[in-house]
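just need the structure, nothing else, for what follows:
(2 chains)
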There are 2 protein chains.
Amino acid sequence: MKFEIHAKDGAARTGVIETERGSIRTPAFMPVGTQATVKAMSPEELVSAGAEIILSNTYHLYLRPGHEIIRQTGGLHKFMHWQKPVLTDSGGFQVYSLSSLRKIREDGVEFRSHLDGSLHFIGPEKAMEIQTALGSDIVMAFDECTPYPAEYEYALKSLELTTGWAGRCKEFLKRSERESAAALFGIVQGGMYKDLRERSLNELLEMDFEGYAAGGLSVGEPKDEMYDVVGFIAPKMPDTKPRYLMGVGDLLDMIEAVEHGFDMFDCVMPTRNARNGTLFTSAGRISIKKTEFKADPSPLDPECGCYTCRNYSRAYLRHLFLAREILSMRLNTIHNLHFYLNFMGNMRKAISAGAFARFKKKWGTVFGQNG
Amino acid sequence: MKFEIHAKDGAARTGVIETERGSIRTPAFMPVGTQATVKAMSPEELVSAGAEIILSNTYHLYLRPGHEIIRQTGGLHKFMHWQKPVLTDSGGFQVYSLSSLRKIREDGVEFRSHLDGSLHFIGPEKAMEIQTALGSDIVMAFDECTPYPAEYEYALKSLELTTGWAGRCKEFLKRSERESAAALFGIVQGGMYKDLRERSLNELLEMDFEGYAAGGLSVGEPKDEMYDVVGFIAPKMPDTKPRYLMGVGDLLDMIEAVEHGFDMFDCVMPTRNARNGTLFTSAGRISIKKTEFKADPSPLDPECGCYTCRNYSRAYLRHLFLAREILSMRLNTIHNLHFYLNFMGNMRKAISAGAFARFKKKWGTVFGQNG
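A predicted model of the protein is given here:
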């Protein structure tokens, strides 16, 4: 993996991550394909929307269908018919948010499946084994996602675990016989405590990862606390490596984070909102079920060039949504992802043109009010 | 509308129906797009599967979004982004099968919506008004779909209503100022009573429709009773007009009906089965959830050239189905429709080649056992 920065505007930067499976222009948004599919989308539609990388979930794929099945049938890319890069998360977040009866031990986490209650164990080695079996292009170190709020003592112990596990992930990949082309990213934890965040980062820096992520944000904390940590940690992360803000995907949050130097994002926001009928447009958010769209022959977003906006009216989209048709989820998701990925493209252009401040102001006006 | 027969093999015939919106090769299968969308499909995917006409439901579109909204936004074709022909049913079947508290009167049927219980009335004139507003290419006369079983007296009264309504449909379209390019088909009723079927057909023939349909079949009666009526009525229908067997879409039933001279079919079978994980293949039916497909890297049907079979494994399709992913419904529907429409294409070729008997024998073996 190579990372090159092509232009900067303040701390905001635009560049490209080169992987064996293709280039990822940054700042990049990664659509989420939890269960080896971005909900409602075909891979061709993702490419057409402008996706250059997707995220998939280690925890989910480990439980179903099982990473061994994916390995046996040729790896995740072949399994899901997606040729471009895939980043898999560490499983850490889902172990905490979805599973029950988890027991945190020095060597990993014991937990019960949210699907059938069966007992499982994932530690750093297992997380690497799973992600290697999947054939991910970017692999995340196993971490404990510190919840919010967390006492200082808890956050400290949690980050110590995460640091230890990160080292074991690196060791495991080094030892593994298979020559892995995957890049390993470390995850900075530490809750909302700046000294802990700094300590976490410094410990990871000593191990030298190919990219650095901030985890444990967008987990329920107020926006200003998140912005505070983002603004604190970003400039301390190495300038020459990709910086990934995990789980963040609100449009204005991404602008804020890019302003401080973050490069990568993932979030279910565009896809989940699409399925719930909330659509992002150049004029702000739209709830497609509103009565005012009943007989509206105009496209969802006249400024948008996506398949949905080129071929369907608001009246039709409203009808499909109220009739709970599958095509509703498809057309809405196509639009929202197109909007998001186009938004990132415009953000990159703004950085190249030294116009990031104007970009921020414009979208702050659009999404600050009704967004 | 023009109908030309190009070849016959016994009573089976293959030809083409020409409409202003395109040609429909017969025997033809019409995918069902009840709510102005064939569930899970885009119009482009329908074309790619080989669809030349789809069926949409008058009753559903009348209730939601309302035919006036569709008319205002440019008609059904524009609304749903489908340029090829559309046949709309009469609404008669749904009034009986879905609505509650229906009261049959001389001039139509009063019923309550299955959506919200609101009170509505559809009679022959209203059915024509709705279908005209939708802009259908083939319009079905309003009928009473005689239930099964039905007493002789009931079936007789029912067919008299249907005959009367058929005449009023024809009158209404003749009177309507708008020059309608739509073709009007009459629907033969009469339950399982051959003399009533013949009487129904003869009464319709006096009015001269552009096509003739057999309704009230595949409504719960045993197969041999259905085959009996099919074999009785088909040869009495005019040779020069399309013959449409409504609601029938079991593969072997279609073969049986084509053998007697039917030309058109519609059914939710391929689409509904797809969503339930039952897939039609050259080796018979497959239930994709079976454990045996867990790590099966082979395509669903090695003899199939559809998008699903070209790009995905059985293991992946099983995973998507068990994970209840939307893409499961998409990929399965693409395959089943492709299979169905390809099956019809092969049936047409068999008729042209005088090999219909062999075609029947082959598929009887495949789907007679496990089908």
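
what's the helix or strand for residue A:184?
In this structure, residue A:184 sits in strand A:183-188 according to DSSP states H and E.

strand partners (parallel or antiparallel) of that strand?
strand A:138-140 (parallel), strand A:211-214 (parallel) (DSSP bridges).

what does the longest one rub up against?
Under the criterion CB atoms under 8 Å, 6 or more residues apart in numbering or on different chains, residues A:1, A:3, A:138, A:140, A:183, A:185-188, A:197, A:201, A:204-205, A:229-230, A:233-234, A:237-238, A:241-246, A:262, A:264 lie in contact with strand A:211-214. In this view, the C-beta of every residue, glycine as well, is placed from N, C-alpha and C.

immediately after it, which helix or strand?
helix A:223-233.

next structured bit after that following helix?
Downstream of helix A:223-233, the next assigned helix or strand under DSSP H and E is strand A:243-245.

buried stuff in whatever helix or strand comes next after that next one?
Using DSSP H and E, the helix or strand that follows strand A:243-245 in sequence is helix A:251-259. For helix A:251-259, the neighbour count (16 or more other CB atoms under 10 Å in any protein chain shown) marks A:251, A:253-259 as buried.

same thing with stretch A:203-223?
A:203-205, A:209-219, A:221.

farthest-apart pair in these, please.
Using CB to CB, the two most remote members of these are A:210 and A:221, lying 27.7 Å apart.

now the lengthiest helix in chain A: mean pLDDT?
Secondary structure of chain A read by DSSP state H shows that its longest helix is helix A:326-352. What helix A:326-352 shows for mean pLDDT is 98.

any residue of that helix touching chain B?
Yes: contact of helix A:326-352 with chain B (CB under 8 Å from any CB of the partner chain) involves A:326-327, A:329-330.

now that helix and helix B:326-352, what's the angle there?
Using axes from the mean of the first three to the mean of the last three CA atoms, to 10 degrees, the inter-axis angle of helix A:326-352 relative to helix B:326-352 is 120 degrees.

which ones are touching the closest residue to residue A:127 other than its chain neighbours?
Closest residue to residue A:127 apart from its sequence neighbours, by CB to CB, 6 or more residues apart in numbering or on different chains: residue A:142 at 3.8 Å. Contacts for residue A:142 (CB under 8 Å, 6+ apart) come out as A:90-92, A:108, A:122-124, A:126-128, A:165-166, A:168-169.

nearest to chain B, of these?
Nearest to chain B, judged by CB to the nearest CB, of the contacts of residue A:142 is residue A:91 at 16.8 Å.

helix or strand: which one has residue A:168?
Per DSSP H and E, the secondary structure element for residue A:168 is helix A:152-175.

now for that helix, which elements pack on it?
The helices and strands touching helix A:152-175, judged by 3 or more CB pairs under 8 Å, 6 or more residues apart in numbering or on different chains; DSSP states H and E, are helix A:124-134, strand A:183-188, helix A:194-207.

looking at those, which is buried most?
Highest mean neighbour count of the helices and strands packed on helix A:152-175: strand A:183-188, a mean of 28 (counted as mean count of other CB atoms under 10 Å in any protein chain shown).

that one to helix A:194-207, inter-axis angle?
160 degrees.

any idea of the mean pLDDT for strand A:183-188?
98.

who in the stretch 1-150 of chain A is up against chain B?
Going by CB under 8 Å from any CB, the residues of the stretch 1-150 of chain A near chain B are A:35-37, A:39-42, A:64-65, A:69, A:72-74, A:79-81.

10 Å - rerun?
Within reach of chain B by CB under 10 Å from any CB of the partner chain, the stretch 1-150 of chain A has these residues: A:33-45, A:60-61, A:64-66, A:68-74, A:78-81, A:115.

and those residues, which are buried?
Counted by 16+ other CB under 10 Å, those give A:33-43, A:45, A:60-61, A:64-66, A:69-73, A:78-81 as buried.

these in strands, which ones?
Counting by DSSP state E, no part of these is found in strands.

do you know how far residue A:214 is from residue A:364?
22 Å (CB to CB, to the nearest Å).

please apply the same query to residue A:26.
Going from residue A:26 to residue A:364 by CB to CB gives 21 Å.

higher neighbour count, these two?
Neighbours per residue, other CB atoms under 10 Å in any protein chain shown: of residue A:26 and residue A:364, the larger number sits with residue A:26, 28 against 15.

let me know the pLDDT of the nearest residue in space to residue A:73 that is not next to it in sequence.
Nearest non-adjacent residue to residue A:73, counting by CB to CB, 6+ apart: residue B:297, 4.5 Å away. At residue B:297, the model reports a pLDDT of 98.

just give me the neighbour total for residue B:297.
15.

and for residue A:283?
11.

which ones are touching it?
Each residue near residue A:283 by CB atoms under 10 Å, 6 or more residues apart in numbering or on different chains is listed here: A:301-303, A:366, A:370.

between helix A:124-134 and the strand holding residue A:184, find me the angle.
Orientation check (the same axes, to 10 degrees): strand A:183-188 against helix A:124-134 gives 140 degrees.

for strand A:183-188, C-alpha coordinates in CSV please.
Only the C-alpha atoms of strand A:183-188 are listed here, as CSV (Å, rounded to 0.1, in the frame of the first residue of the first chain):
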residue,chain,number,x,y,z
ALA,A,183,-2.0,-3.2,5.0
LEU,A,184,-2.5,-3.2,8.8
PHE,A,185,-4.0,-0.1,10.5
GLY,A,186,-3.8,0.6,14.2
ILE,A,187,-6.7,2.0,16.1
VAL,A,188,-6.3,4.8,18.6
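
please report how far the residue nearest to residue A:127 lies from chain B.
23 Å (CB to the nearest CB, to the nearest Å).

repeat for residue A:265
As judged by CB to the nearest CB, residue A:265 and chain B stand 23 Å apart.

need the contact list for that residue.
A:26-30, A:55, A:218, A:244-250, A:253-254, A:257-258, A:340, A:344 are the contacts of residue A:265 under CB under 10 Å, 6+ apart.

cool, and residue A:314?
A:279, A:286, A:288, A:290, A:292-301, B:73.

distance from the lowest-mean-pLDDT helix or strand in chain A to the middle of the chain?
Least confident helix or strand, chain A: helix A:92-97 with a mean of 83, by mean pLDDT, DSSP states H and E. Here the centre of mass of C-alpha atoms in helix A:92-97, compared against the chain's by CA atoms, centre = their mean, to the nearest Å, lies 15 Å away.

cool, stretch A:83-100 as well?
With CA atoms, centre = their mean, you get 10 Å for stretch A:83-100.

in the stretch 101-250 of chain A, where is pLDDT below threshold?
Low-confidence segments of the stretch 101-250 of chain A, defined by pLDDT under 70: A:177-180.

good, wrapping up.
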